[in-house]
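[1] Predicted model and sequence below, questions to follow.
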Amino acid sequence: MPVVAPAVGFVVAQAPWYTNSLVLTAVAVVWLVLAYRWYGRRLERRIVGPTDAKTPAEAQYDGVDYCPARPVVLFGHHFASIAGAGPILGPIFAAAAFGWGPTALWVLLGVVLIGAVHDYLALMVSVRNKGLSLPDVARETVGSSARVFFLIFVWIGLVLVITSFTRVTADTLRSDPQIVIPTFGLMLLAVLFGFLTYRVKLATWIGTAIALGLLLFAMWVGFRCPVRLEQLGVPESWVGSVWVLVLLLYCVVASVLPVWILLQPRDYLSTWILIVGTSLGLAGIVWVHPTMKAPAFTAAVAAPGPIWPMIFILVACGAVSGFHCLVAGGTTSKQLAKERHGLPIGYGGMLTEGLVAIVALVAGCAGIYYVATDAPTQEHAGRALLTLLRDHKGSEGQILAFGWGYNTLTEPFLGPLGSAMGVQNLGKIIGIIMVNGFVLTSLDTAARLARFISTELVGERVPLLRNRIVASLAPVVPAGILIFHAGAFDKIWPIFGAANQLIAAFALMVITGYLMKRKKPTRYTVVPAVFMLVTTMAALIWQAYQNLLGAKEPNYVLGLTALILLALGVMMAVLGRRALLGIQPHEPPRS
């Protein structure tokens, strides 16, 4: 990401009532609850109309990808997979660049009116089409040419997801060795939970209690025995690369295992970490209710562009994410046991992510200092938002900002516990474990989805890609090449954000065409589709100009990548016009 410089003219003044973090959080909770009960139920009633028909998980059961899951377990998989690093890192960076006011406004409006609509309808369209991915559904609504472009665009987007989230996870494992044992111990516990739940048929709550108890023990061991690769003989300059290779290997293995062995149980257990962590954060906001120290609105000297369209790209997953339609139509739709479970999982899952984004925003803007100066005081040094973003490369600045802010919020609860355990800043460590819990679940889900897309795209012409391992290597290998050549996270995130939001726009176009064909109301999707398309294309134009012509030292890699995405976007927009105008494609029958 671009480095955020101190804002101009920021002066600390007596804080007005609306800067109390408890006010912002209370408004967010009430808004999201009302949105689910009114807007979500309206979508369910007027557009979806759930039935008791067999879902693909039952009708096409194979025990590997198609496998019905209990609602609470599937919510865990879906929520943990869609969350990723976006709702934590994005809002903090956007608030530093533009202020917490417009960031919070976009999160709360975007998640209700666009993000949750996109996720829920993408899930149900896939369920009504035998669990096919949304790009494959595009064939009947937009045409086979659009399907191919969509698949290519989605595949590129998934490679960028794997690239970005692998880098984030490697950064956290390298900088915070206390989380290594809990991170990898969770995978073994997930296998145990899956065996107890699906083979021994143990009650879910008993298996959950056993797994979470062992996870707490793993966390304690991690605190006591941090894993530093340097102490195992790995040269310090190689540590990050070793963790990257380990994570890429994990992606391949996890993406080919049956979902009940690792994917479902690991995501379910990760969700408990995320829910407990978010609940502690909310309790901390109620208890501490710190003032939002960052300004409500500002224009940083080195902001990555004008507030429109760039704030939408920076916030990314906290409000709307195209990656979510791939999860909804790639893995979640193949595990949905009943259609009526779609609303709490699809719409409710995205609203929950919006709440996480608000907690992250409070942690970054109220839990730590802002310090609009190049020389922070000794009291503020090392824990100031702008200083952290300036002095730490890649994703480490945002991760540390969230960790220190979360530590402030949870100090009344976790401080005494940390002292009893002999662990300093326990809240910071748990906050970073939360980030890892988000990221790892999205990482291997992205690899599994990319395997599906690779097979769909060229599996008929290249029989080798029908092999699950080869199809998984197809996106993981280029992701690894990007990591080692493109380097830092901050060089990848802007392109990932743009590709991610553009996928959301195309998904909404496809859903609009699907609804038109069935004479369903389209106003819930067509307006968001146009808005996201125009906004994201404008962001790509800005990035291409800035990287090729606007900078003293042009970045041709980022500039050309932006142009390629822009060209693909224009072609998809032209083809998507069919869906928005209700023009049916003339397609030959499927063989």
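    Nice, I can see it. Numbering: from 1, shown residues only.
[2] Just name the shakiest helix or strand of the chain by mean pLDDT.
    Least confident helix or strand of the chain, by mean pLDDT, DSSP states H and E, is helix 385-391 with a mean of 74.
[3] which of the residues in the next helix or strand after that helix are buried?
    Where DSSP states H and E defines the elements, the next helix or strand beyond helix 385-391 is helix 396-421. For helix 396-421, burial by neighbour count (16 or more other Cβ atoms under 10 Å) applies to 396-411, 414, 418. For glycine as for every other residue, the C-beta is placed from the backbone atoms N, C-alpha and C.
[4] Mind giving me the packing neighbours of the least confident helix or strand of the chain?
    With contacts taken as 3 or more Cβ pairs under 8 Å, 6 or more residues apart in numbering; DSSP states H and E, helix 385-391 sits against helix 86-98, helix 396-421.
[5] Using JSON lines, lay out those helices together with distance to residue 515 and mean pLDDT.
    Converted to JSON lines, the helices and strands packed on helix 385-391 look like this (distance: least, Cβ to Cβ, whole Å; pLDDT from 0 to 100):
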{"stretch": "helix 86-98", "distance to residue 515": "27", "mean pLDDT": "86"}
{"stretch": "helix 396-421", "distance to residue 515": "37", "mean pLDDT": "84"}
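[6] And those helices: which comes nearest residue 564?
    Closest to residue 564 of those is helix 86-98 (Cβ to Cβ; 22.2 Å).
[7] What lies in contact with the next helix or strand after that closest one?
    Following the chain from helix 86-98 toward its C-terminal end, the next helix or strand by DSSP H and E is helix 100-110. With Cβ atoms under 8 Å, 6 or more residues apart in numbering as the contact definition, helix 100-110 has outside contacts at 24, 27-28, 31-32, 91, 94-95, 292, 294-297, 307, 311-312, 315, 318-320, 354, 357-358, 361, 365.
[8] just the buried members of those?
    Counted by 16+ other Cβ under 10 Å, the contacts of helix 100-110 give 24, 28, 31-32, 91, 94-95, 292, 294-296, 307, 311-312, 315, 318-320, 354, 357-358, 361, 365 as buried.
[9] Where strands are concerned, which of those residues count?
    In strands, defined here by DSSP state E, there are no members of the buried ones among the contacts of helix 100-110.
[10] tell me which residues of stretch 270-281 are tucked away?
    270-275, 277-278, 280-281.
[11] of these, closest to residue 544?
    Distance to residue 544 across those (Cβ to Cβ) is lowest for residue 274, with 35.9 Å.
[12] Surely the closest one and residue 355 touch.
    No - the pair residue 274 / residue 355 is not scored as a contact, 10.7 Å apart, by Cβ atoms under 8 Å.
[13] so how far is residue 429 from residue 85?
    Distance, residue 85 to residue 429, using Cβ to Cβ, to the nearest Å: 17 Å.
[14] Equivalent analysis for residue 93, please.
    22 Å.
[15] So these two - more neighbours on which side?
    residue 93 (27 against 24; other Cβ atoms under 10 Å).
[16] For residue 520, which three-state class applies?
    coil (DSSP: H, G, I helix; E, B strand; the rest coil).
[17] hey, where'd the strands end up in the stretch 51-200 of the chain?
    Counting by DSSP state E, counting those that start in this stretch, the stretch 51-200 of the chain forms no strands at all.
[18] Which members of the buried ones among the contacts of helix 100-110 are positioned in helices?
    24, 28, 31-32, 91, 94-95, 307, 311-312, 315, 354, 357-358, 361, 365 (DSSP state H).
[19] which among those residues gets closest to residue 57?
    residue 354 (26.8 Å).
[20] Now the closest one. Nearest residue, chain neighbours left out?
    Leaving aside its chain neighbours, residue 354 sits nearest to residue 111 (3.4 Å; criterion: Cβ to Cβ, 6 or more residues apart in numbering).
[21] count of neighbours near that neighbour?
    31.
[22] Then residue 328?
    Neighbour number of residue 328 under other Cβ under 10 Å is 32.
[23] same question, residue 76
    27.
[24] Using PDB, write out the CA atom coordinates for the strand or helix carrying residue 348.
    Using DSSP H and E, the element containing residue 348 is helix 348-365. What follows is helix 348-365 as a C-alpha-only set of coordinates in PDB (Å, rounded to 0.1, in the frame of the first residue of the first chain):
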ATOM      1  CA  GLY A 348     -26.100 -12.800   8.000                       C
ATOM      2  CA  GLY A 349     -22.500 -13.800   7.400                       C
ATOM      3  CA  MET A 350     -21.800 -10.600   5.500                       C
ATOM      4  CA  LEU A 351     -23.400  -8.400   8.100                       C
ATOM      5  CA  THR A 352     -21.200 -10.100  10.700                       C
ATOM      6  CA  GLU A 353     -18.200  -9.200   8.700                       C
ATOM      7  CA  GLY A 354     -19.400  -5.600   8.600                       C
ATOM      8  CA  LEU A 355     -19.500  -5.700  12.400                       C
ATOM      9  CA  VAL A 356     -15.900  -7.000  12.500                       C
ATOM     10  CA  ALA A 357     -14.900  -4.100  10.200                       C
ATOM     11  CA  ILE A 358     -16.400  -1.600  12.800                       C
ATOM     12  CA  VAL A 359     -14.500  -3.300  15.700                       C
ATOM     13  CA  ALA A 360     -11.300  -3.100  13.600                       C
ATOM     14  CA  LEU A 361     -12.000   0.600  12.800                       C
ATOM     15  CA  VAL A 362     -12.400   1.400  16.500                       C
ATOM     16  CA  ALA A 363      -9.300  -0.600  17.500                       C
ATOM     17  CA  GLY A 364      -7.200   1.300  14.900                       C
ATOM     18  CA  CYS A 365      -8.700   4.800  15.500                       C
END
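[25] how many degrees apart are that helix and helix 86-98 in direction?
    40 degrees (axes from the mean of the first three to the mean of the last three Cα atoms, to 10 degrees).
[26] and helix 348-365, how far out from the chain's middle?
    Mean C-alpha position of helix 348-365 versus that of the full chain (Cα atoms, centre = their mean, to the nearest Å) differs by 12 Å.
[27] and that helix, what other elements does it pack with?
    For helix 348-365, the contact count by 3+ Cβ pairs under 8 Å, 6+ apart identifies helix 21-35, helix 71-83, helix 86-98, helix 100-110, helix 116-127, helix 263-288, helix 396-421 as packing neighbours.
[28] Next, the buried residues of that helix.
    348-365.
[29] hang on, the earlier thing: let's have the helices and strands packed on helix 348-365 in CSV, adding distance to residue 500.
    Formatted as CSV, the helices and strands packed on helix 348-365 follow (distance: least, Cβ to Cβ, whole Å):
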stretch, distance to residue 500
helix 21-35, 22
helix 71-83, 11
helix 86-98, 8
helix 100-110, 13
helix 116-127, 12
helix 263-288, 20
helix 396-421, 17
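[30] wouldn't residue 503 be in contact with residue 158 here?
    No - here residue 503 does not reach residue 158: they are 9.4 Å apart, not a contact under Cβ under 8 Å.
[31] any residues in contact with both of the two?
    323, 326.
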